[in-house]
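Colleague: For reference, the sequence and a predicted model appear below.
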Amino acid sequence: MESMRQMFRDSGYRVLCARGEAEAVAVIEAVRPDVVVTEVMLDRQNGGFGLAWKIKNKYPDVPVIMVSAVTWHTGLYFSLTTPGARNWIKADAFMDKPIRHEELVSVIQNTMVSGPAQ
């Protein structure tokens, strides 16, 4: 997390971090970020999905980007190509780890320009 935080700061972004779902919700409510990047596995196995649901229910216009190594570890693949998947996952983008900094920056910029997925 620290290396990603520093890379984004070096790129001119203001970065706020949280160590779990409850802390993330508190930070989001206090600051109302332009975009949220979250790991699927937070303080509980699928905490990122719960966090995305909470964000989208309260702030539907805040883009959520989920990142995970779940595919690499389990072979489970998450896709946002269908409305049903987008409704269940509640993310605007999903990225498999490992992630290059430039790739994540590009997804963040595209998500913020195009707005949240419908």
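Modeller: Here it is on my side, so go on.
Colleague: Below-threshold pLDDT in the protein: ranges please.
Modeller: For the chain, the stretches with pLDDT under 70 are 1, 45, 70-89, 115-118.
Colleague: now the helices for it?
Modeller: Secondary structure of the chain (DSSP state H): helices located at 2-10, 21-31, 47-58, 70-74, 83-89, 101-114.
Colleague: deepest of these, which one?
Modeller: For the helices of the chain, average neighbour numbers computed from mean count of other Cβ atoms under 10 Å are highest in helix 47-58, which has a mean of 19. C-beta here means a position set from N, CA and C on the backbone, and glycine is covered the same way.
Colleague: Contacts for it, please.
Modeller: 20-21, 24-25, 28-29, 36, 38-42, 44, 62, 64, 66, 68, 89-91, 116 (Cβ atoms under 8 Å, 6 or more residues apart in numbering).
Colleague: Show me which of those residues are buried.
Modeller: Buried by 16 or more other Cβ atoms under 10 Å: 21, 24-25, 28, 36, 38, 40, 42, 62, 64, 66, 68, 89-91, 116, out of the contacts of helix 47-58.
Colleague: and which of the residues you listed is nearest Phe8?
Modeller: If you rank the buried ones among the contacts of helix 47-58 by distance to Phe8 using Cβ to Cβ, Val36 comes first, at 12.9 Å.
Colleague: That closest one: what's it in contact with?
Modeller: Counting by Cβ under 8 Å, 6+ apart, Val36 touches Ala24, Ile28, Leu51, Ala52, Ile55, Val62, Pro63, Val64, Ile65.
Colleague: Same check on Val15?
Modeller: By Cβ under 8 Å, 6+ apart, the contact list for Val15 reads Arg5, Phe8, Arg9.
Colleague: switch to 10 Å and redo it
Modeller: Residues counted as contacts of Val15 (Cβ atoms under 10 Å, 6 or more residues apart in numbering) are Met1, Met4, Arg5, Gln6, Met7, Phe8, Arg9, Pro33, Val37.
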